[in-house]
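*Asks:* got a predicted structure here, sequence first:
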Amino acid sequence: MKVGMMLGFEKSIKTITNIASEAERAGIHSLYTVDAGRSATITAAAVINVTRSAKVGTYIVNAYAREPWMTGIEARDLNEISEGRFVLGVGTGNLHFNDLYMGIDSSKPLAKMRDFMEIVSTVVSSKAKEPVRYQGKAHRIRWRATWEPATASLPVYLSASGPKMVHLAGEVSDGVGVGIMSSVEFVRDIVRPNARLGAEAAGRNPDALAFPVAATVSINNDAELARDATRASICKLFHPIPHPYYDSQLRQLGHEEFADQAAQLMPQGRLREAMALVPGSVIDTMTITGNVDECAARIRDYEGIADEVILARTAQRGEAAGMAAYENLFELIDQVSG
């Protein structure tokens, strides 16, 4: 099973690069950075600099915080310095945060993401002096590349959760990124069929789509501590305002009651009350939680459903500082990589 790892929430770039180096030694397939407190593309460049074989990508860059042309240019450059190891993952980010932090109207994400993906996908692979023309509802471009791309193609993934965005991802992307609370059933029964329909509607080969899946991973030899860390991680997705991506996933899987409760409690900072309401089935099916062996078994559940599982580590209460906190994760990577 191919296993990736999500980076970018650590306290320093140096810590991120140290973790990336150690993860590569443990056998990691891919390393992904995220637009969340840090620039995903700059962090990716740092990770590329300390790795030699692992794929490096973004999961995701926030399309509302960026222009598609420059995003495509950055992806071309990152692919060049990585010698063809780069993967670009794009998403809307948290639509509510976009409004709150940047004052951006996120009310029409489908039109925005269609234009963004069409432009980025063209820019990353355009040959030197080849005219690029696109006029959309949200973006347009008139451009030509100065030099040849490092590789003939560069994978561009679109992160999606809701049915319409998943369908769009099938139409315009190389892969559908699913994050960080995704059950096997959600990917198998909802995401994959819908994305394939999108690809077929666009006249594309649905078998060519990739399905990377990010997963919350909570590793602890104490089962209750592992589950408690997962409960906190899930609830914080609703603070200071609910993240529509994960709210959608919970509702599509029948957890409307908990989604409503978390959406009410977490904006008020009532974490402990919300944690007490997290259904056990959410922890068991939508996250990877337990000791190393239990987490390895859960990752293998995605075999044949996901092309890779990207581990989003959850911090544990009272854990060691620095690299020592990642020892269980590196052990897990070593056990399941291959």
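*Replies:* Yes, it's here.
*Asks:* rest of the way, CA atoms for contacts and neighbours
*Replies:* OK.
*Asks:* tell me where the model's unsure across the stretch 151-300 of the chain.
*Replies:* Within the stretch 151-300 of the chain, not a single segment meets pLDDT under 70.
*Asks:* what are the boundaries of the helices in it?
*Replies:* All helices of the stretch 151-300 of the chain, identified by DSSP state H, counting those that start in this stretch, fall at 163-172, 184-185, 192-201, 223-236, 244-252, 256-265, 271-275, 280-286, 292-300.
*Asks:* over to the stretch 1-150 of the chain?
*Replies:* 13-26, 40-50, 68-81, 95-102, 109-125.
*Asks:* among those helices, which comes closest to residue 234?
*Replies:* helix 95-102 (17.1 Å; C-alpha to C-alpha).
*Asks:* contacts for that closest one, please.
*Replies:* 64, 65, 104, 105, 106, 241, 242, 243, 244 (C-alpha atoms under 8 Å, 6 or more residues apart in numbering).
*Asks:* ok so residue 311 is a helix residue?
*Replies:* No. According to DSSP: H, G, I helix; E, B strand; the rest coil, residue 311 belongs to no helix; its state is strand.
*Asks:* pLDDT at it, what is it?
*Replies:* Residue 311 is assigned 98 on the pLDDT scale.
*Asks:* show me what it is bridged to.
*Replies:* residue 5, residue 215 (DSSP bridges).
*Asks:* thought it was touching residue 3?
*Replies:* Yes. In this structure, residue 311 is within contact of residue 3 by C-alpha atoms under 8 Å, at 7.3 Å.
*Asks:* one step back: compare the helices of the stretch 1-150 of the chain and give me the one nearest residue 333.
*Replies:* Here helix 13-26 is closest among those (C-alpha to C-alpha), at 6.2 Å.
*Asks:* what packs against the closest one?
*Replies:* With contacts defined as 3 or more C-alpha pairs under 8 Å, 6 or more residues apart in numbering; DSSP states H and E, helix 13-26 has these neighbours: helix 40-50, helix 327-336.
*Asks:* could the C-alpha coordinates of that helix be exported in CSV?
*Replies:* In CSV, the C-alpha atoms belonging to helix 13-26 read as follows (Å, rounded to 0.1, in the frame of the first residue of the first chain):
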residue,chain,number,x,y,z
ILE,A,13,10.5,24.6,8.6
LYS,A,14,13.5,22.9,10.1
THR,A,15,11.3,20.5,12.0
ILE,A,16,9.3,19.8,8.8
THR,A,17,12.4,19.0,6.8
ASN,A,18,13.8,16.8,9.5
ILE,A,19,10.5,14.8,9.6
ALA,A,20,10.5,14.6,5.8
SER,A,21,14.0,13.1,5.7
GLU,A,22,13.2,10.6,8.4
ALA,A,23,9.9,9.6,6.7
GLU,A,24,11.8,9.0,3.5
ARG,A,25,14.2,6.7,5.3
ALA,A,26,11.2,4.9,6.7
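*Asks:* how far does that helix sit from the chain's center?
*Replies:* 18 Å (C-alpha atoms, centre = their mean, to the nearest Å).
*Asks:* quick revisit: need the helices of the stretch 1-150 of the chain in JSON lines (columns: distance to residue 257).
*Replies:* Shown next, in JSON lines, are these (distance: least, C-alpha to C-alpha, whole Å):
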{"stretch": "helix 13-26", "distance to residue 257": "37"}
{"stretch": "helix 40-50", "distance to residue 257": "34"}
{"stretch": "helix 68-81", "distance to residue 257": "38"}
{"stretch": "helix 95-102", "distance to residue 257": "21"}
{"stretch": "helix 109-125", "distance to residue 257": "26"}
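*Asks:* out of those, flag the one nearest residue 227.
*Replies:* Here helix 13-26 is closest among these (C-alpha to C-alpha), at 24.0 Å.
*Asks:* so for that closest one, what's the average pLDDT?
*Replies:* 96.
*Asks:* which of the residues in it are buried?
*Replies:* Neighbour-count burial for helix 13-26 flags 13, 15, 16, 17, 19, 20, 21, 22, 23, 24, 26 (criterion: 16 or more other C-alpha atoms under 10 Å).
*Asks:* kindly report the same for stretch 325-338.
*Replies:* 326, 328, 329, 330, 332, 333, 334, 336.
*Asks:* can you tell me how far the second one sits from residue 313?
*Replies:* Separation of residue 328 from residue 313 (C-alpha to C-alpha, to the nearest Å) stands at 10 Å.
*Asks:* now the last one
*Replies:* Residue 336 sits 15 Å away from residue 313 when distances are taken as C-alpha to C-alpha.
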